[in-house]
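A.B. asks: Attaching a predicted model along with its sequence, questions to come.
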Amino acid sequence: MSEPETGSRSGTFAREWPYLFCALCVAAVVIAGLAAGTAPGPAPPEAPTRAKDGAAELERLVLKPKPLAAAVLEGLTLAAIVWSAGFLLSAAHRRTDVFPEARLARARWTEWDVAKLLFVFLFVRIAVEPFALSGRPESALVVHGIAELLTALVALHVIRSRGQDPADALGLRLRGLAPHLLPGLVVFLASVPILLGLTVGWTFLLERLPGGEFSIQQHLVKELARTPSTAQVAQMAVAAVLIAPVVEELFFRGLLYGVLRRRVTPAIAIPCVGVLFGLFHLPALGAVLPLAVLGALLCYVYEKTGRLTVPIVIHVLFNFYTVFSLVSRRLA
C-alpha cells in the first residue's frame with residue numbers, strides 16, 4: 001500500500017500544529033486547575049455508596065425535562081440524523097461511494113512503540129497522581145490532563161523517530177479536510193440511533209445479570225454533573241472536549257490501529273480496536289458496548305478517509321454534546 005505525498009512544501013504550521021495544540025491544552029488545563037483551586041464553592045454532595053442502577057440512570061438522562069438550549073440542540077441533532085440517514089440510503093440506492101478516494105499511510109512504528117507509549121502514560125499518572133490526590137481534588141484532573149498531553153507529545157515523537165511526519169503518517173493536515181470530514185460526520189450521525197439502541201439493549205441485558213447495578217456514565221461525566229464549582233466544570237469540560245478525544249484518537253486510531261492495520265485486514269483490526277476502546281472506559285460497564293461500537297465506527301471512518309483529524313472532530317463533537325447537555329441542565 002503506497003503512502004500519501006509528504007507535503008514537504010507545506011508551511012511550518014501545517015506540519016507542527018499538533019504540537020502547538022498540545023501546548024495550548026496544557027496551558028488551558030493548568031489555568032482551569034488554578035481557577036478551580038482558588039474558587040470558593042459549597043462542598044459537593046457525597047458520592048453514593050452503591051453503584052447507580054443502570055436503567056434508572058438511563059431513564060433519568062433520557063426522560064428528565066430538558067432546558068431550552070439542550071432541547072434546541074437535540075432538535076438540530078435529530079434533524080441532522082434524519083438527513084444523514086436519508087443521504088446514505090440515497091447513496092446506497094445510486095450505488096455511489098460516500099467517501100472520496102483516500103489512502104491510509106503505512107505505519108512504520110511497531111507494537112513495542114505502542115507498548116512504550118502506554119507505559120509512559122501509566123508511569124506519569126501513577127508516579128505523580130499520589131501527590132495530586134494528597135491535595136485538592138481538582139489537582140488530580142490537572143495531573144491527568146498533563147499526563148495525557150505528554151503521552152500525545154510522546155506519540156508524535158515516536159512517529160517522527162520512525163522517519164515519518166506525524167501530519168502525513170496520521171493524516172493530520174487541515175488543508176483539504178472538508179471533502180473527508182463531511183462524509184465522516186454523515187456516517188456517524190446516521191449511526192447514532194444504532195448506538196442509542198445498543199445502549200438501551202445493553203442496559204436491559206445487564207439489569208438481568210446477578211447484582212443488576214452498574215453505571216452507564218464515566219467517572220468524569222458523573223463528577224461534571226454533580227460538582228458545584230463553575231471553575232471545576234470548565235476544567236472538566238476542557239479535559240473531556242479537547243484533551244481526551246485528541247489523546248484517545250492518537251493512541252487507539254492512530255498508533256494502535258496503524259500497527260494492527262499493517263498486520264491484519266481492516267475487518268479484523270477495526271473490531272479489535274473497538275473492543276479495546278470500550279474496555280478502556282471501565283468501570284462504566286453500561287457504556288462498554290456502545291463505546292466499543294463507537295470505537296469501531298471511528299476506525300472505519302479513519303480507514304475510509306485516511307485522516308485522523310476526522311475521527312478526532314467526531315469524538316470532540318460527541319463529547320461536546322454530552323458536556324453541553326449536562327452543563328445546560330445545571331444552569332436550568
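C.D. replies: Happy to help now that I have it. Numbering: from 1, shown residues only.
A.B. asks: Quick one: the helices in the stretch 151-300 of the chain, in order.
C.D. replies: 166-169, 178-207, 219-226, 230-238, 244-248, 257-263, 266-280, 285-305 (DSSP state H, counting those that start in this stretch).
A.B. asks: Figure out which of the ones you listed is closest to T322.
C.D. replies: helix 219-226 (6.4 Å; Cβ to Cβ). No exception for glycine: its C-beta is placed from N, CA and C like everyone else's.
A.B. asks: Now render the helices of the stretch 151-300 of the chain as a markdown table, adding mean neighbour count.
C.D. replies: Shown next, in a markdown table, are those (neighbours: other Cβ atoms under 10 Å):
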| stretch | mean neighbour count |
| --- | --- |
| helix 166-169 | 22 |
| helix 178-207 | 17 |
| helix 219-226 | 17 |
| helix 230-238 | 21 |
| helix 244-248 | 22 |
| helix 257-263 | 20 |
| helix 266-280 | 17 |
| helix 285-305 | 23 |
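A.B. asks: which of these has the lowest average pLDDT?
C.D. replies: Here the lowest mean pLDDT among the helices of the stretch 151-300 of the chain goes to helix 219-226, at a mean of 61.
A.B. asks: To what extent is A105 buried, counted in neighbours?
C.D. replies: 18 (other Cβ atoms under 10 Å).
A.B. asks: Surely it and G306 touch.
C.D. replies: Yes: contact criterion Cβ atoms under 8 Å: A105 and G306 qualify, at 7.0 Å.
A.B. asks: how about A105, secondary structure?
C.D. replies: coil (DSSP: H, G, I helix; E, B strand; the rest coil).
A.B. asks: so what's it scoring on pLDDT?
C.D. replies: pLDDT, A105: 86.
A.B. asks: Over to L256?
C.D. replies: 92.
A.B. asks: What about it, how many residues nearby?
C.D. replies: L256 has 22 nearby residues by other Cβ under 10 Å.
A.B. asks: repeat for F252
C.D. replies: 21.
A.B. asks: so what's it up against?
C.D. replies: V273, L276, F277, F280, G295, L298, C299 (Cβ atoms under 8 Å, 6 or more residues apart in numbering).
A.B. asks: Looking at it now. What's its pLDDT?
C.D. replies: F252 is given a pLDDT of 92.
A.B. asks: and the gap between it and W17?
C.D. replies: 21 Å (Cβ to Cβ, to the nearest Å).
A.B. asks: got it, and L73?
C.D. replies: 28 Å.
A.B. asks: so A80 touches L189, yeah?
C.D. replies: Yes: if you go by Cβ under 8 Å, A80 and L189 touch, sitting 5.2 Å apart.
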